[in-house]
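1. could you work out the structure for the sequence below:
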Amino acid sequence: MDERAPEELRLFPLEAGERAQVEALSDRFDEVLGPRARRLIYVHVLGDPKTAMPFNNAGVPAWEDRFMRVTFPLAKRWIENALGVRPGVEVGDEAAVFAEFDHVAELLADGRPYLCGERFTAADLTFAALSAAVTAPPQYGTRLPQPEELKPATAELIERAREHPAGRFALRMFATERVSGTGPDGRPG
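-> Residues are numbered from 1 along each chain as shown. The predicted model follows:
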């Protein structure tokens, strides 16, 4: 799809050096930010099933909602095992997430509007999408729990991420770059 798009709309620039920069940042976020932010928020949310379940089960059939509520302890253990959750892992994950946020803030400190310069690229998309676990953007596409609905420690984490220059950047990407509306089939686009 990207190759068919007009050059100014491509997520990956044609120029090799610019493309390499976009790919390197996207890979970095995919390898570090995504897994660490995801595990960090799971550590917080799995400890609060009364808040998590309504969001997790939104839009599912009633039988699936009941099934998830009954099997939550098993699902929680499976998720924790799959993500490598162990006591204290959230401390390192939080440090890694905010180190990535600091890196993004350094890139943006020169006033550029996007991570790789003057236009939106896959690097911006990747950062915004993978930081969503800790920024909970209102425009995410499905309703995410907002700070006022969460336990204080989780709310504080999300507020701190949102207030960070990189968090503000991610929220801006969701607010300005996310395509809204419907596609040709009438579904959200």
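2. give me the neighbour count for Ala75.
-> Around Ala75 there are 16 other residues, counting by other Cβ atoms under 10 Å. Quick note: C-beta positions are derived from backbone N, CA and C, even for glycine.
3. pLDDT weak spots in this protein?
-> 179-189 (pLDDT under 70).
4. give the residue farthest from the middle of it.
-> Trp63 (28.8 Å; Cα atoms, centre = their mean).
5. would you agree that one falls within a strand?
-> No - assessed with DSSP: H, G, I helix; E, B strand; the rest coil, Trp63 is helix; it does not lie in a strand.
6. do you know how far it is from Pro73?
-> Here the criterion is Cβ to Cβ, to the nearest Å. By it, Trp63 lies 19 Å from Pro73.
7. same question, Arg38
-> Counting by Cβ to Cβ - Arg38 and Pro73 are separated by 21 Å.
8. can you pull the contacts of Glu64?
-> Neighbour list for Glu64: Asn57 [criterion: Cβ atoms under 8 Å, 6 or more residues apart in numbering].
9. returning to that earlier point: neighbour count for Arg38 and Pro73, which is higher?
-> Neighbour comparison, Arg38 and Pro73: the larger count goes to Arg38, with 17 against 9 (by other Cβ under 10 Å).
10. so where does that one fall, helix or strand?
-> For Arg38, the host element (DSSP states H and E) is helix 34-46.
11. how about the residue nearest the centre of the chain, what does it touch?
-> Closest residue to the average C-alpha location of the chain: Ala132 at 2.4 Å, with Cα atoms, centre = their mean. Residues in contact with Ala132 (Cβ under 8 Å, 6+ apart) are 140, 144, 170, 174.
12. compare those and tell me which has the most neighbours.
-> Ala170 (25 neighbours).
13. please consider this matter closed, and thank you.
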